[in-house]
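J.: mind looking at a prediction? Sequence and model below.
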Amino acid sequence: MKKEHAFLAAAIGLLALSQTAGAAVLFTDNFDRSDTDNIDAAGSQNSSQGGTLANSIEIRSSKQTLDIISGQLALPSHSRARFHDEANPAERYDFAPALAMVGSSGIITVSWLWDATLADSSDWTGFSFGTDNNTSGEPDVRVNDTTTDLGVLVKLNGDVQYFDNGVATTLTGVHSASGLIPITLSVEYASLENGGNLTLLSILVDGVETLDSEVSTFSWNFDDGSEIHFELEGRYGNPNLIDNLSISADAVPEPSVICLCGLGILSLLRRQR
């Protein structure tokens, strides 16, 4: 009987895991394609993309023309990478439907490799969660614009900043990375509705957590209906070189599922006595 109880407890545990496993790699790009001095005019980007949204997204230039150099995305000084709809290249890609497929609440994880070999201490790279949909008349800097719901930037001088609709918080001297720098950002969304809460969970720089604690002061402030747009940014640089970009999402489990599974296991253990 004990073996049966153990088996049933394990089965309930696996059920809980199955109910909470909603991770999905939405989009990746390793930029392993032919060199170009104009990414917008270079044709299909599909060969270097992966994830469920592969072949649905095109990376387009903002503020400056982006290049591909030796299998890396080159962001010249004061430039950004926008995500566009491959089927309708004039339009920014709306990530809201893909996130909804993962879960009505969840965690977005964005990672990339920043090649700062040619950079100096004033250089930085950043990512914006929740921007407006404009493709002209854009702000000089996106990450700290008042229309950006949550922006994060990592500076080569050791500082990290995050922005809540342009309001900055600076974390000074929180990393010592240089050269090839892996960066991973994690943001939890409580809903995909206008006003839904966003929590900045983590800012990993070269494997080091630079955030003292979670920050939950952010929210979606949709400037374009219910669409969700992202942007990758580089500042200064000779240029900034980006590789292995990845955007993934993981569902947040419903509390009821966890509670029910936990109660089931406790009940079995009590009977086992």
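T.: Right, received. Where do you want to start?
J.: shaky segments in the protein?
T.: 1-22, 223-225, 237, 254-273 (pLDDT under 70).
J.: try it again with 50
T.: Along the chain, segments meeting pLDDT under 50 span 1-20, 256-266, 268-269.
J.: could I get the full set of helices for it?
T.: For the chain, helices defined by DSSP state H occupy the ranges 2-20, 96-102, 255-272.
J.: bridging residues for residue 215?
T.: residue 200 (DSSP bridges).
J.: ok, it touching residue 162?
T.: Yes. If you go by C-beta atoms under 8 Å, residue 215 and residue 162 touch, sitting 6.9 Å apart. The C-beta positions use only the backbone N, C-alpha and C, and glycine is treated the same way.
J.: those two: which is more packed in?
T.: Just comparing residue 215 and residue 162: by other C-beta atoms under 10 Å the higher neighbour count belongs to residue 162, 24 against 17.
J.: just give me the neighbour total for the nearest residue in space to the more buried one that is not next to it in sequence.
T.: Counting by C-beta to C-beta, 6 or more residues apart in numbering, the nearest residue to residue 162 once its immediate chain neighbours are dropped is residue 152, at 4.9 Å. By other C-beta under 10 Å, 23 other residues sit near residue 152.
J.: and residue 164, by the same measure?
T.: Using other C-beta under 10 Å, residue 164 has 20 other residues around it.
J.: swap in residue 171?
T.: 17.
J.: repeat for residue 216
T.: 13.
J.: quick check: it touching residue 197?
T.: Yes. With contacts counted by C-beta under 8 Å, residue 216 reaches residue 197, the gap being 6.3 Å.
J.: the stretch 51-200 of the chain: strands as residue ranges?
T.: All strands of the stretch 51-200 of the chain, identified by DSSP state E, counting those that start in this stretch, fall at 57-62, 67-69, 72-75, 79-85, 88-92, 106-115, 124-129, 150-155, 160-164, 167-171, 180-189, 197-205.
J.: so can I have TSV of those strands showing distance to residue 220?
T.: Shown next, in TSV, are the strands of the stretch 51-200 of the chain (distance: least, C-beta to C-beta, whole Å):
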stretch	distance to residue 220
strand 57-62	20
strand 67-69	32
strand 72-75	26
strand 79-85	17
strand 88-92	15
strand 106-115	12
strand 124-129	9
strand 150-155	9
strand 160-164	12
strand 167-171	16
strand 180-189	7
strand 197-205	7
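J.: what's the closest of those strands to residue 227?
T.: strand 88-92 (7.5 Å; C-beta to C-beta).
J.: tell me what angle that closest one forms with strand 79-85.
T.: Following axes from the mean of the first three to the mean of the last three C-alpha atoms, to 10 degrees, one obtains 120 degrees for the angle between strand 88-92 and strand 79-85.
J.: hmm, who's touching strand 88-92?
T.: The contact list for strand 88-92 (C-beta atoms under 8 Å, 6 or more residues apart in numbering) reads 58, 60, 82, 83, 84, 85, 133, 135, 227, 229.
J.: among the residues you listed, name the buried ones.
T.: Neighbour counting by 16 or more other C-beta atoms under 10 Å classes 58, 60, 82, 83, 84, 227, 229 among the contacts of strand 88-92 as buried.
J.: what separation do you get for the second one and residue 88?
T.: Plainly put, residue 60 is 12 Å away from residue 88 if you go by C-beta to C-beta, to the nearest Å.
J.: coming back round to it: closest one of the contacts of strand 88-92 to residue 94?
T.: residue 227 (4.2 Å).
J.: you'd agree the closest one is up against residue 133?
T.: Yes. Residue 227 is within contact range of residue 133, at 6.2 Å (criterion: C-beta under 8 Å).
J.: ok, the residue nearest to residue 162 - contacts?
T.: Residues in contact with residue 152, defined by C-beta under 8 Å, 6+ apart, are 126, 127, 143, 160, 161, 162, 163, 185, 200, 203.
J.: I appreciate the help and will end here.
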